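Trainee: sequence first, then the predicted structure, then my questions.
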Amino acid sequence: MAANSMADGDLTSRRRGPHPLALAYFGAFAILLLLFGAVAFLGRASDGDPVVTLELHTAASATAKGPVHSASLAGKNPAAAGAPSSSLAQSGAPVSPATAAPFSNVPAPALPPQIVPGAIVKPVVAGKALIADPALIEQTQQGPLPRIADDGRTPMTAYAPPAPSDKRPRIAIVISGLGISAKATAAAISGLPADVTLAFAPYDDDVQRWVSEARKQGHEVLLELPMEPYDFPDSDPGPHTLRAGVGEESNTQRLTWSLTRFTGYAGVTNLLGGRFLGDPDSLEPVMTFLARRGLFFFDSGPAARSAAPDVAQRLDAPYVQSSTTIDTIQTAMEIDQRLSELETRARLNGSASGVGFLYPVTVERVAEWAKGLPGRGFVLVPASAIVPHTK
């Protein structure tokens, strides 16, 4: 009976207090609830990471009713990407929501008229600017391919705005990434000074319309050539990318495709391309092809890694290399600092060039900086105006 009393007492005591296992389950459940609540309220740590997505449309996309290629470049300035991301200057910097979704509040612009006919039989102009001349074009099955005219004229000189005769130090600015977003492209064309050079990607079906509008507004135009970056295919500039080590014939076919997408450009620049620009054996045939077509090459890649300066010198090809990327860090203060450094370089060397992407903050700061440039003793010029040995 005593035993029964003791058992009953133990049972009663157990019923009065919570079971340890139940306490453990309850505690774990409470922690999970707190974690879910924190994530919902504060967000994930990765939510602020910059992501730039380029939707690249080829001519085939009009038939396929969708994009043929999409390149996602996380945390990189497409104008400067391509080198291993071992430093801030190579990999880019955090992008604010305003720059990560450029021109999101700008209404969709109306497309400019298509003023380049399918068959070019006479010179075509946009305003006062020449954008197509049959003497400067080799008609191919893929499209109009630039060439040097029988009288020696080159696309580099024919499609370039007149170079100023001003003897003050010269600064050239190239803004890349146009022709992908209609809103951003329209804002850059209208918002930037006419002497800023604009570089267009070759993928969108309407790129010729925007190139013609840019030329009409006085801008010099470059074609962006997709080139293999170091982290390919994680960063993929498109289906017609020039690749290191694939052979001259294959790269010439890809190069020809890009060169026939539109007319009116004075030269080309690289879209990504760290690995390709670092391979002189692959680069030399491409530079030879471009020089023989009367085009200059504007190298926007990191100077220390590019083989292009040596190749261009060996070939005596028209070439200029960017002094700096002005918007590696996309803040007004940093961009202003890079522009100030360009002025210092120009004062020392007689000329300097910088490259940027069409972020809203880049467009705004370049436009504001250019207003006071003459008063500081400099002149803003198209990129072709600082190419040595202009032919």
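Mentor: Good, I have the coordinates. Numbers count the residues shown, from 1 in each chain.
Trainee: can we go C-alpha only for contacts and neighbour counts from here?
Mentor: Noted.
Trainee: wait, isn't Leu283 in contact with Ala308?
Mentor: Yes: with contacts counted by C-alpha atoms under 8 Å, Leu283 reaches Ala308, the gap being 7.3 Å.
Trainee: anything in contact with each of the two?
Mentor: Leu277 (C-alpha atoms under 8 Å, 6 or more residues apart in numbering).
Trainee: report pLDDT for the closest residue to Ala307 other than its chain neighbours.
Mentor: Nearest residue to Ala307 in three dimensions, chain neighbours excluded: Gly278, at 5.0 Å (C-alpha to C-alpha, 6 or more residues apart in numbering). pLDDT, the model's per-residue confidence, is 92 for Gly278.
Trainee: contacting residues for Gly278?
Mentor: So Gly278 contacts 305-308 (C-alpha under 8 Å, 6+ apart).
Trainee: now swap in Gln217 and tell me
Mentor: 127, 189-190, 194.
Trainee: out of those residues, who has the most neighbours?
Mentor: Within the contacts of Gln217, most neighbours by other C-alpha atoms under 10 Å means Ile189, with 24 neighbours.
Trainee: OK, contacts around that residue?
Mentor: Per C-alpha under 8 Å, 6+ apart, neighbours of Ile189: 213-214, 217, 219.
Trainee: that one and Ala214: what is the separation?
Mentor: 6 Å (C-alpha to C-alpha, to the nearest Å).
Trainee: try Ala163
Mentor: Taking C-alpha to C-alpha, one finds Ala163 at 17 Å from Ala214.
Trainee: make sure I have this right: Gln253 is in a strand.
Mentor: No: according to DSSP: H, G, I helix; E, B strand; the rest coil, the state of Gln253 is helix, so it is not within a strand.
Trainee: from Ala352, how far off is it?
Mentor: 33 Å.
Trainee: ok, Glu220 next?
Mentor: Glu220 sits 17 Å away from Ala352, taking C-alpha to C-alpha as the criterion.
Trainee: picking that back up, need the contacts of Ile189 in JSON lines with secondary structure, can you?
Mentor: JSON lines is the format used below for the contacts of Ile189 (three-state DSSP):
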{"residue": "Glu213", "secondary structure": "helix"}
{"residue": "Ala214", "secondary structure": "helix"}
{"residue": "Gln217", "secondary structure": "coil"}
{"residue": "His219", "secondary structure": "coil"}
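Trainee: show me where the stretch 251-391 of the chain has strands.
Mentor: Using DSSP state E, counting those that start in this stretch, the strands of the stretch 251-391 of the chain run over 267-272, 296-299, 319-321, 324-325, 351-357, 379-380.
Trainee: between these, which gets nearest to Met227?
Mentor: If you check each of the strands of the stretch 251-391 of the chain against Met227 by C-alpha to C-alpha, strand 267-272 wins as the nearest, at 5.7 Å.
Trainee: so where is the protein shaky, pLDDT-wise?
Mentor: Residue ranges of the chain with pLDDT under 70: 1-110, 302-303, 389-391.
Trainee: domains for it, by residue range?
Mentor: Here the domain assignment for the chain is 2-43, 51-386, based on automatic domain parsing.
Trainee: from the contacts of Ile189, pick the one nearest Gly377.
Mentor: His219 (22.0 Å).
Trainee: got the contact list for the closest one?
Mentor: With C-alpha under 8 Å, 6+ apart, His219 has these contacts: 161, 189, 193-198, 382.
Trainee: can you list which of those residues are found in strands?
Mentor: Assigned to strands by DSSP state E, the following of the contacts of His219 qualify: 197-198.
Trainee: who wins for neighbours among the contacts of His219?
Mentor: Within the contacts of His219, most neighbours by other C-alpha under 10 Å means Leu198, with 33 neighbours.
Trainee: okay, and the beta partners of it?
Mentor: Ile175, Val221 (DSSP bridges).
Trainee: please list all residues in contact with it.
Mentor: Contact analysis of Leu198 by C-alpha under 8 Å, 6+ apart lists 174-176, 178, 214, 219-222.
Trainee: please apply the same query to Leu255.
Mentor: By C-alpha under 8 Å, 6+ apart, the neighbours of Leu255 are 225, 240, 242, 286.
Trainee: do the same with Ser351
Mentor: Ser351 neighbours (C-alpha under 8 Å, 6+ apart): 169-172, 345, 386.
Trainee: how about the residues you listed, which pair is most distant?
Mentor: It's Arg345 and Ile386 that sit farthest apart of these, by C-alpha to C-alpha, at 13.3 Å.
Trainee: who touches both of the two?
Mentor: In contact with both Arg345 and Ile386: 351-352, using C-alpha under 8 Å, 6+ apart.
Trainee: please report how far Asn349 lies from Val361.
Mentor: Taken as C-alpha to C-alpha, the span from Asn349 to Val361 is 28 Å.
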